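Asker: Please work out how this folds:
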Amino acid sequence: MKIGSFHIKSFLYWVKRRPFFIKRRLFFYLLLDLANKPNGLLYKPLAEPKTPSISIARVYVNSFVSSCLKDIKGDVLEVGRSIYSAELVDHATSYKCLDIDCFPDVDIVADIQNMSHVSSNAYNSILCTQVLEHVKNPFKAVSELHRILRPSGKLFLTVPFQNKIHMEPHDYWRFTEFSIAHLLSAFQRVDIFKYGNTVTYILYTLNIKAPDISTEIKLQETSDDRFYIILGAVAQKRDL
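Answerer: Model prediction:
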């Protein structure tokens, strides 16, 4: 795969064979090059992409949602715009979207930390992707999501571990597997999934978009205990 005149696979293979001190020096020089020179090593002009630009994080979020589609059913609520409405309506008895702002695709306008006008035990499934980092009190938000879920209902959640500052000033948190387990401790069962590895972590840090890297790299499901990009979680509420 080429970016401008740069071959990612060849470069990674060459780096792998170098001593550690050379790897470290090269990595920092590369960061400086990218930070200060728009025409740096990886930023040479690209041909118009055949597919829309999408971040590596969103590729992983899409993968998580796709893997959960068969279980997102019944009365479904999507929190934070209707990103996946087209996929969810085929599996849902009913579908609603909730957001703090009144967009055309939003059915319920509410702060996720205080959804007092949303009935308790209202939904079988809730999908909440890349939202909690923008919430001042994620504990209140998760408590409210737990409240409006029906007994045995499931929360499908993604959160970032690694991400640039975005939607500032409303960008408050990054999450580890341990913080998510703590946040979801009121649920009966919690399954946590890691997405990302050292290679995609570095590429994401350099703001390389998914269409600009090889399919083998961008879709690698191999996770790294220390260098993942997002976390996915499926949390089931206790039955009565």
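Asker: From the contact counts, what lies against the longest strand anywhere in the chain?
Answerer: Assignment by DSSP state E gives strand 149-160 as the longest strand of the chain. Packed against strand 149-160 by the contact rule (3 or more C-beta pairs under 8 Å, 6 or more residues apart in numbering; DSSP states H and E) you find helix 56-68, strand 74-79, strand 123-129, strand 230-236. (C-beta placed from N, C-alpha, C; glycine too.)
Asker: mind redoing it with 6 Å?
Answerer: Here strand 149-160 touches helix 56-68, strand 123-129, strand 230-236, going by 3 or more C-beta pairs under 6 Å, 6 or more residues apart in numbering; DSSP states H and E.
Asker: looking at the ones you listed, which is closest to Asn197?
Answerer: helix 56-68 (10.7 Å; C-beta to C-beta).
Asker: so what are the domain limits for this structure?
Answerer: 1-47, 51-236 (automatic domain parsing).
Asker: residue ranges for the strands of the protein, please.
Answerer: Using DSSP E, strands in the chain cover 2-3, 6-7, 74-79, 92-99, 108-109, 123-129, 149-160, 189-195, 230-236.
Asker: between these, which gets nearest to Tyr172?
Answerer: Per C-beta to C-beta, nearest to Tyr172 of those: strand 149-160, 11.4 Å.
Asker: okay if I get the domains of the chain as JSON lines plus mean pLDDT?
Answerer: Formatted as JSON lines, the domains of the chain follow (pLDDT from 0 to 100):
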{"stretch": "domain 1-47", "mean pLDDT": "55"}
{"stretch": "domain 51-236", "mean pLDDT": "89"}
